[in-house]
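*Asks:* quick check, what structure comes out for this input:
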Amino acid sequence: MFTDIAGYTSLSQRDETLALQLLEEHRSLLRPFFPRHAGKEIKTIGDAFLVEFASALEAVRCAFEMQQSLHERNAINPPGRKVNLRIGIHLGDVVHNQNDVYGDAVNIASRIEPLADPGGISLTEQVYDHVKNKFEFPIVSAGRREVKNVDAPLEVYKVVLPWEERGSVVGSENYDRRRIAVLPFANISPDPNDEYFADGMTEELISAISKIPELTVISRTSVMKYKGGGRSIQEIRPELKVGTMLEGSVRKAGTKVRISVQLIDANKEGHLWAENYNRELQDVFEVQSDIAHKVAESLKVRLLARDAERVAKVPTADMEAYTLYLKGRFFWNERTLEGLKKAIRYFEEAIKHDPVYALAYAGLADCYTILENWSFLQPQEAAPKVLEYSKKALEIDDTLAEAHTSMAVVWANLWEWGRAESEYKRAIELNPNYATAHQWYGHGVLETLKRYDEAISELKEAQKLDPFSLIIATNLGDALLAAGRVEGAIEQYRSVSEMDPHYAYAHARLGIALAASSAFDEAVAEVEKSWSLSPENVETKAILAYVYFVAGRREAAERILEEMKEIAKTRYVTPALFAEVYSALGKPDQAFEWLDRAAETRSSTLVMNLSEPQFDPLRRDPRFRRLIQRIHLE
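*Replies:* Residues are numbered from 1 along each chain as shown. Next up, the predicted model:
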């Protein structure tokens, strides 16, 4: 029998003290089980046990009791203190020598153990033949598996434990090796405030590896779910549907950095490559390029000259500018008003240190795009900034997918749909792994142009790259709803709400879709829930007014309109939201008055919301067609 603690190496890198505590606790817990089943502990190897038994059946029973004990222990411990053990058992001849054992059987047992699920038990065919019909719990085949240093594939079996799902089978599906996840790097620097650097390294490696066309790379939003560890490779693999994972740690002290990294075959949970880099901070781009090249080499991907050049490109020679840029991205990813303000300050400081730092200009463009899109800033204030910074970024570096995406937003806000589409296509050509480009192209242009099948296709592609992004999943529902596929939209919005019940936007969108299917009471309940989760969101108020009205609660809808007017006295509220409410209330003159105001300010909300059912009462009015002509959507 071989045992091993799942995820122990990563835990040691993050928190060595905790790792040692859990190691000793697990040893104390497991050792009493061996003699109960005539087992002899041969030795420990790091976090592993090697144990010999006189009987295959006793070995399997011992493994079951060990896993049962750990399962009960884990149930009363927080995620960070759980111990998930893999156990592998093989039957064969061994050679004894000075209290140790040797031979092919020992080698095979060591290769079988990593094939077990965390918390699971893996057996070879030889063990299965001895224990079938004698052991109390089901044993199922996990298929034939190739293992290192063994010529022929081995038939592997899995013990189905009482607390597991019967259908769970080790390695039941192998995922594409060229679909890769860069897991969040652990910050093991002396200063915990250097967390931004570890997050930045994760994001920069995602960006670098994304430039290799033959690889599919999971976006930052989805991988950051695993920050802090606590999840095993066998748990993460099916959630992200990846065949390869890159994980590591960063230690920063002054101008010196130590970057430890390992590439893992997630299907077999074997190491493909590992390296430690002890470098000066100024060498960090060289390290990132080297890692990207070794990933390509390990996965047998041939880099074309132009791709190798893009991967090796150094974005700035000023390390202070680079550090400031990483801090800017750290706060931009918070997606809060305060975070965006901080991000702008850091990007601006980065540009002061390096006036030709294209990525910092692209970062500023992204900040102002979000500020306008989330109604934190009026379009007439945000749009010139987005244009200025996108243009500057592209003047410096025309190969930045991020900058082309920002420029596409500029053209869309100017209702230049052809130019917007060209910029999105260029961004996707430069970086097919940039999920935001697929998302904004689908939701912001194709859906607006009523090219619904293409919009849905782009949003599904974005979702493949960023499977845990709530906004991408919700936008997919928006495209389905705009296409008139109401039931599909309802199903999609429900799936987002199940993914995160506290995500207010999905509840609001589900409310609109339910209202469209005449489920008025449920629609009201969903939008009210959205409002309770995000009471500062004025767009939710406008939706609530709509569902109140269609549910026959006109007075409640009128009250919300008055509340929106009060809010607009102290903060910006896009005119498009007032137009929605007036349209729903059957007041077309006021609705068109506010639609004209929205068009004058080139509100992005106006264009994105025109397909909403709130505007259905206006569509036969000649003024609606004139509006469509005005924004070049006829």
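*Asks:* what sits against the residue nearest the centre of the chain?
*Replies:* When C-alpha atoms, centre = their mean is applied to the chain, the residue found nearest the centroid is residue 222 (0.5 Å). Residue 222 makes contacts with 181, 240, 466-469, as judged by C-beta atoms under 8 Å, 6 or more residues apart in numbering. Heads up, the C-betas are built off the backbone N, CA and C, glycines and all.
*Asks:* rerun that using 7 Å as the cut-off
*Replies:* When contacts are counted by C-beta atoms under 7 Å, 6 or more residues apart in numbering, residue 222 touches 240, 466-469.
*Asks:* please apply the same query to residue 495.
*Replies:* residue 473.
*Asks:* which strands or helices does the longest helix anywhere in the chain pack on?
*Replies:* Using DSSP state H, we find that the single longest helix of the chain is helix 56-75. Contact analysis of helix 56-75 by 3 or more C-beta pairs under 7 Å, 6 or more residues apart in numbering; DSSP states H and E lists helix 16-30, helix 33-36, strand 85-89, strand 121-124, helix 125-131 as its packing neighbours.
*Asks:* angle of it against strand 85-89?
*Replies:* Relative orientation of helix 56-75 and strand 85-89, computed by axes from the mean of the first three to the mean of the last three C-alpha atoms, to 10 degrees: 180 degrees.
*Asks:* if you count neighbours, what's buried in helix 56-75?
*Replies:* By neighbour count with 16 or more other C-beta atoms under 10 Å, helix 56-75 contains the buried residues 56, 59-64, 66-67, 69-71, 74.
*Asks:* export the residues you listed to TSV and tack on pLDDT?
*Replies:* Output for the buried residues of helix 56-75, formatted as TSV (pLDDT from 0 to 100):
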residue	pLDDT
56	93
59	95
60	95
61	94
62	95
63	96
64	94
66	95
67	94
69	93
70	93
71	91
74	88
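*Asks:* which pair in these spans the largest distance?
*Replies:* Spatially, the most separated pair among the buried residues of helix 56-75 is 56 and 74, at 26.8 Å (C-beta to C-beta).
*Asks:* looks like residue 634 contacts residue 624 (just checking).
*Replies:* No - look at residue 634 against residue 624 with C-beta atoms under 7 Å: they stay out of range, at 11.1 Å.
*Asks:* which one of the two is surrounded by more residues?
*Replies:* residue 624 (19 against 9; other C-beta atoms under 10 Å).
*Asks:* in which helix or strand would I find that one?
*Replies:* Under the criterion of DSSP states H and E, residue 624 resides in helix 622-630.
*Asks:* check which helices and strands that helix sits against.
*Replies:* If you count contacts as 3+ C-beta pairs under 7 Å, 6+ apart, helix 622-630 packs onto helix 588-601.
*Asks:* so which bits of the helix it packs on are buried?
*Replies:* Buried residues in helix 588-601, counted by 16+ other C-beta under 10 Å: 588, 591-592, 594-595, 597-599, 601.
*Asks:* what does that helix contact?
*Replies:* Residues outside helix 588-601 that contact it (C-beta under 7 Å, 6+ apart): 378-380, 574-576, 578-579, 582-583, 606, 617-618, 621, 623, 627, 630-631.
*Asks:* residues in contact with the longest helix of the chain?
*Replies:* Residues outside helix 56-75 that contact it (C-beta under 7 Å, 6+ apart): 1, 29-30, 33-34, 37-39, 53, 82-83, 85, 87, 89, 91, 119, 121, 123, 127, 130-131, 134-135, 137, 159, 161, 163.
*Asks:* picking up where we left off before, okay, the buried residues of helix 56-75 in CSV with distance to residue 509 next?
*Replies:* As requested, the buried residues of helix 56-75 are exported to CSV (distance: C-beta to C-beta, whole Å):
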residue, distance to residue 509
56, 56
59, 54
60, 51
61, 53
62, 53
63, 48
64, 47
66, 47
67, 43
69, 46
70, 42
71, 39
74, 37
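*Asks:* so, low pLDDT: which residues of the stretch 151-300 of the chain?
*Replies:* Per-residue confidence for the stretch 151-300 of the chain (pLDDT under 70) gives these ranges: 151, 165-173, 230.
*Asks:* can you pull out the helices in it?
*Replies:* For the stretch 151-300 of the chain, the helices defined by DSSP state H, counting those that start in this stretch occupy 195-210, 220-223, 233-240, 284-298.
*Asks:* picking up where we left off before, minimum pLDDT in the buried residues of helix 588-601, which residue is that?
*Replies:* Lowest in pLDDT among those is residue 601, which has 86.
*Asks:* and that one, how far from residue 381?
*Replies:* Distance, residue 601 to residue 381, by C-beta to C-beta, to the nearest Å: 10 Å.
*Asks:* now residue 544
*Replies:* Counting by C-beta to C-beta, the separation of residue 544 from residue 381 is 28 Å.
*Asks:* looking at these two, which is more packed in?
*Replies:* Between residue 544 and residue 381, counted using other C-beta under 10 Å, the more crowded position is residue 544 (24 against 14).
*Asks:* what sits against the spatially closest residue to residue 246 that is not a sequence neighbour?
*Replies:* Using C-beta to C-beta, 6 or more residues apart in numbering and skipping the chain neighbours, the partner closest in space to residue 246 is residue 182 (4.7 Å). Contact partners of residue 182, counting by C-beta under 7 Å, 6+ apart, are 202, 205-206, 209, 217, 223, 246.
*Asks:* quick check: angle from the helix or strand hosting residue 327 to helix 284-298?
*Replies:* In the assignment (DSSP H and E), residue 327 maps to helix 319-332. Here the directions of helix 319-332 and helix 284-298 differ by 70 degrees (the same axes, to 10 degrees).
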